[in-house]
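with the sequence up front, the predicted model follows.
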Amino acid sequence: MPPIDAPAGPQAGWDILDRVRFSDRRPTIGIAISALLAIALVGAFAAWFANDSLKRRYPAPGAMVSIGTGTHRLHFYCTGSGGPVVMIESGIGSGWETWGAVVTELAHFSRVCVYDRSGYGWSEPEPESGPDAATAPRLADEFRSLLLNGPVPGPYILVAHSFGAYIARIYADRFRGDLLGMVLVDPSHEDEGHLHSMYRTFRNLIPPSGIPALRAFIEGDRALPPFLKAPPALFRRRFFVGLSDNQAVASRRELASLDASEAAVRSAHFPRDLPLIVITATHIVTTGDARKPEMPNPPRHFELQASLAKLSSQGRQIVVHSGHLVQLDQPDAIVRAVRELISCCRP
């Protein structure tokens, strides 16, 4: 007689068979999970090795400057001679590797400096991980510490692109005496947040993987995007170092802090006497290829950009046929704007 808790009848045979099949599958499932974990560990190690190797292969070309209380250091690079000094502030997710043509031209008649924000490029990551660690006010304070401790005294003409305009506007509110003028290059606007939300969602769908750094480590110059084939080697190296997970994490933190950054910009007061040029792009994306569709900016974009130019009594707007990365599509427009400010504002 079978035990009371044992199944009886034909169903008993099927239940026993199912148990045997499941028990047979358990080692297979365990092996599969172990293999996936091993692949993930190998991939993580390969990405770390690639990041570390790229930084050793391409050491920082400029100065490493301690900021604040010495919690971490930012990378600061200058070239050219003459004054006033032109400082460049980049947008989210990309560094100054896109500014090769602009920097090269500006260096012919002025001192021009670029830097890496916390976690970007050669700069060390911000050790604090709180919600305010990557807001525009915090980044403006870090920028001020960099300029106070860095090798180039002011005053400055500040050129800021996209999200960098938030940092620039808060800097102008707090430290007007440091600045002679400002060029905002297709700047972000706090009332155009729907674009930010789309970009933030898109970026969050792609977690840092280390694959770009690994590819760059293996392929070298073949991994470069087309716009970096011609500029000096320095900008190619900046691109490679910028593929690190540190930069991916830093840009995510800036995106996550956008609401706080925009709230801070709304309460900031732009100095009415600060000369200002706003360069507005006609397109979100300009392909320059009749076979590929271009993405024009909506009318609201031009209205908001015009309102930024009106923040200053000496402000004006320039519209250029370009995508959002004006420094790639129309670098001469930025160079001309800086020349104009130098001509009118040189001390």
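Everything's here; your move.

could you count how many residues lie near residue 341?
22 (other CB atoms under 10 Å). To be clear about C-beta, it is placed using only N, CA and C from the backbone, and glycine gets the same treatment.

quickly find the element holding it.
helix 331-345 (DSSP states H and E).

what is that helix packed up against?
helix 100-106, strand 156-161, strand 179-185, strand 276-281, strand 315-320, helix 326-329 (3 or more CB pairs under 8 Å, 6 or more residues apart in numbering; DSSP states H and E).

include distance to residue 305 when you put those into a markdown table, please.
Output for the helices and strands packed on helix 331-345, formatted as a markdown table (distance: least, CB to CB, whole Å):
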| stretch | distance to residue 305 |
| --- | --- |
| helix 100-106 | 19 |
| strand 156-161 | 13 |
| strand 179-185 | 8 |
| strand 276-281 | 4 |
| strand 315-320 | 6 |
| helix 326-329 | 12 |
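
for those, give me JSON lines that also has mean pLDDT.
Listed next are the helices and strands packed on helix 331-345 as JSON lines, based on pLDDT from 0 to 100:
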{"stretch": "helix 100-106", "mean pLDDT": "95"}
{"stretch": "strand 156-161", "mean pLDDT": "97"}
{"stretch": "strand 179-185", "mean pLDDT": "97"}
{"stretch": "strand 276-281", "mean pLDDT": "98"}
{"stretch": "strand 315-320", "mean pLDDT": "97"}
{"stretch": "helix 326-329", "mean pLDDT": "95"}
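
and the ones you listed: which comes nearest residue 128?
strand 156-161 (23.5 Å; CB to CB).

strand 276-281 and the closest one, what's the angle between them?
For strand 156-161 against strand 276-281, the angle by axes from the mean of the first three to the mean of the last three CA atoms, to 10 degrees is 20 degrees.

does the residue positioned nearest the centre of the chain sit in a helix, a strand or a coil?
Most central in the chain under CA atoms, centre = their mean is residue 93, positioned 2.2 Å from the mean C-alpha point. Assigned with DSSP: H, G, I helix; E, B strand; the rest coil, residue 93 falls in the coil class.

how about the contacts made by residue 247?
Applying CB atoms under 8 Å, 6 or more residues apart in numbering to residue 247 gives the contacts 95, 119-121.

which one of those sits closest to residue 138?
The closest of those, once distances to residue 138 are taken by CB to CB, is residue 119, at 12.6 Å.

which parts of the stretch 51-200 of the chain are strands?
Per DSSP state E, counting those that start in this stretch, the stretch 51-200 of the chain has strands spanning 63-67, 72-79, 85-89, 112-115, 156-161, 179-185. These are given in chain order.

show residues contacting the shortest one.
This means strand 112-115. 62, 74-80, 85-88, 90, 95-96, 99, 103, 106, 123, 143, 146, 150, 152.

avg pLDDT for stretch 111-128?
On average, the pLDDT along stretch 111-128 is 92.

quick one: end-to-end distance for it.
When the termini of stretch 111-128 are compared using CA to CA, to the nearest Å, they are 32 Å apart.

how distant is it from the center of its chain?
Put simply, stretch 111-128 sits 11 Å off its chain's centre (CA atoms, centre = their mean, to the nearest Å).

also stretch 123-139?
For stretch 123-139, the distance to the chain centre is 13 Å (CA atoms, centre = their mean).

contact partners of it?
So stretch 123-139 is contacted by 71-75, 115-119, 142, 163, 166-167, 170, 246, 249-250, 253-254, 256-257, 260-261, 264-265 (CB under 8 Å, 6+ apart).

so where's this protein uncertain?
1-54, 69, 131, 193-223, 287-291, 347 (pLDDT under 70).

what residues are up against residue 239?
95, 97, 224-225, 228.

quick one: it is in a strand?
No: assessed by three-state DSSP, residue 239 does not belong to a strand; its assignment is helix.

any idea how far residue 330 is from it?
20 Å (CB to CB, to the nearest Å).

try residue 68
Distance from residue 68 to residue 330, by CB to CB: 36 Å.

of the two, who's got more company?
residue 330 (23 against 15).

didn't the more buried one look like it was pressed against residue 320?
Yes: applying CB atoms under 8 Å, one finds residue 330 in contact with residue 320, separated by 4.7 Å.

what strand or helix carries residue 313?
Assigned by DSSP H and E, residue 313 falls within no helix or strand.

for it, give me its contacts.
272-273.

what do you get if the cut-off is 10 Å, keeping everything else the same?
Shown in contact with residue 313 (CB atoms under 10 Å, 6 or more residues apart in numbering): 271-276.

would you list the buried entries among the contacts of stretch 123-139?
72-75, 115-119, 142, 163, 166-167, 170, 246, 249-250, 253-254, 256-257, 260-261, 264-265 (16 or more other CB atoms under 10 Å).
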